[in-house]
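Asker: Only the shape, not the letters, is given here:
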């Protein structure tokens, strides 16, 4: 009844009149929501499968969107056609959303082909190690410096948003009065507003940056302390993980601040600056992952050298040191009866189904380091898996029987 009544309030001719804009906004909503939810989920340590499923479920405009649009149009704060556009976008995204959910696995597989392998590797290691870190920190979470740093970031962000929301309308009003009384040109109002915003932002951004640095240090130190011993790998991962933490905090703080100050700043320049900083962060992570890929390849090569003609169990002295480099490593030899026999890694969907990653395939014809997924597993192939202990157990069960008991 609610949706029918809303539909009856719009003029159908406006839908056809603004059809191009409706399609464009629908595309922006789906891509923007999908991308932001996937990135946020990955940064918080969710596995890729859950990240893409969550993104598919949230790639739509809810009823609050056109309620706000209707109020804005009624009070002449927005264009009269905005309600028709938002309602149409809501209908389109609501029908597309179930299709996105049903095809989330295919989108994930496509993205793994599209995204450079080094980024997939970095996020895979990051998620696996963060999962182990969260498991180990459950008992003492509230007593850690990590909790305190995160708490103060949230407190500073809330205070900052409240101050901006209350102060900016007052500043904008009195800036005009001050300029008129001092016979100053009106063009000075925008620089005065910028200075006022910067004055409000600076002390809180300083505190947020201090706590962000502390949070990034705690996260990387805790993860690396539990997982790694190689100083070269530590340095590479420290830079990557720190930037990932900074990027997560930047989105957490930046998006609400942008939403508050955007109405007071004319022109579309704020959003491009925000997106540019986000893009530069991704580029930096991509550049830094080159060292990680080289280091990982050398470690994987050592494993494949070890198992050439023998099993990993024959090297008890070397296993602990090497396995710490890749969090936890296990080998699995494919037999004729196994479900994985004659199937490729894309069909097996190991990372999404279990959380473990295949980092190498050892076979008589030649080793495959960091496989892309199209490689078909054959009888007597030895697959090297990395991940948490629980993920590897699930992966081996999946390779043997093709099903996982949760």
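Answerer: That came in fine, so what should we check first? It should be emphasised that the depicted structure is a prediction, and the values quoted were computed from it without experimental measurement.
Asker: Residue 104 against residue 56, yeah?
Answerer: Yes. Look at residue 104 against residue 56 with CB atoms under 8 Å: they come within range, at 4.6 Å. To be clear about C-beta, it is placed using only N, CA and C from the backbone, and glycine gets the same treatment.
Asker: Who has more neighbours out of those two?
Answerer: Between residue 104 and residue 56, counting by other CB atoms under 10 Å, residue 56 is the more crowded of the two (26 against 22).
Asker: In contact with the more buried one, which residues?
Answerer: Applying CB atoms under 8 Å, 6 or more residues apart in numbering to residue 56 gives the contacts 34, 97, 100, 101, 103, 104, 107.
Asker: tell me which helix or strand of this structure sits lowest on mean pLDDT?
Answerer: Of all helical and strand segments in the chain, the minimum by mean pLDDT, DSSP states H and E falls on helix 319-325, at a mean of 40.
Asker: After that one, heading C-terminal, what element do we hit next?
Answerer: strand 329-333 (DSSP states H and E).
Asker: Pull up the pairing partners for that next one, direction included.
Answerer: strand 382-386 (antiparallel) (DSSP bridges).
Asker: Weed out the non-buried ones from the contacts of residue 56.
Answerer: 34, 97, 100, 104, 107 (16 or more other CB atoms under 10 Å).
Asker: mind listing which of the residues you listed are in strands?
Answerer: Judged by DSSP state E, strands contain none of the buried ones among the contacts of residue 56.
Asker: Can you tell me which of those residues end up in helices?
Answerer: 34, 97, 100, 104, 107 (DSSP state H).
Asker: thinking again about what came up before, is it possible to get CSV of the buried ones among the contacts of residue 56 that adds pLDDT and distance to residue 213?
Answerer: Output for the buried ones among the contacts of residue 56, formatted as CSV (pLDDT from 0 to 100; distance: CB to CB, whole Å):
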residue, pLDDT, distance to residue 213
34, 89, 30
97, 88, 38
100, 89, 37
104, 84, 35
107, 84, 35
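Asker: Between which two of these is the distance greatest?
Answerer: 97 and 107 (13.0 Å; CB to CB).
Asker: now the helices for the stretch 1-150 of the chain?
Answerer: Ranges of helices in the stretch 1-150 of the chain, per DSSP state H, counting those that start in this stretch, are 2-8, 12-17, 19-43, 48-57, 63-74, 82-102, 104-114, 117-136, 145-181.
Asker: Quick one: closest of those to residue 378.
Answerer: Short answer: helix 104-114, nearest of those by CB to CB, at 21.6 Å.
Asker: Test my guess that residue 93 contacts residue 28.
Answerer: No. Using CB under 8 Å, residue 93 makes no contact with residue 28, being 10.6 Å away.
Asker: Of the two, which one has the most company?
Answerer: Under the criterion of other CB under 10 Å, the comparison of residue 93 against residue 28 puts residue 93 first, with 21 against 11.
Asker: ok, the closest residue to that one other than its chain neighbours - how many residues close by?
Answerer: Distances taken as CB to CB, 6 or more residues apart in numbering put residue 60 closest to residue 93, at 3.7 Å, once the chain neighbours are dropped. Residue 60: 22 surrounding residues under other CB under 10 Å.
Asker: Mind giving me the packing neighbours of whichever helix or strand residue 194 is part of?
Answerer: Remark: residue 194 resides in helix 189-227, with elements defined by DSSP H and E. For helix 189-227, the packing partners by 3 or more CB pairs under 8 Å, 6 or more residues apart in numbering; DSSP states H and E come out as helix 117-136, helix 145-181, helix 231-261.
Asker: Span of stretch 353-364 from start to end?
Answerer: 28 Å (CA to CA, to the nearest Å).
Asker: swap that for stretch 55-69, sorry
Answerer: Stretch 55-69 has an end-to-end distance of 24 Å (criterion: CA to CA).
Asker: what does stretch 384-395 give?
Answerer: This stretch, stretch 384-395, spans 11 Å end to end (CA to CA).
Asker: Okay, buried residues for that stretch please.
Answerer: 384, 385, 386, 387, 388, 391, 392, 394, 395.
Asker: would a markdown table of those with distance to residue 200 be doable?
Answerer: Shown next, in a markdown table, are the buried residues of stretch 384-395 (distance: CB to CB, whole Å):
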| residue | distance to residue 200 |
| --- | --- |
| 384 | 53 |
| 385 | 51 |
| 386 | 47 |
| 387 | 45 |
| 388 | 44 |
| 391 | 46 |
| 392 | 50 |
| 394 | 50 |
| 395 | 51 |
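Asker: Among those, which one lies nearest to residue 284?
Answerer: Nearest to residue 284 out of these is residue 386 (CB to CB; 24.6 Å).
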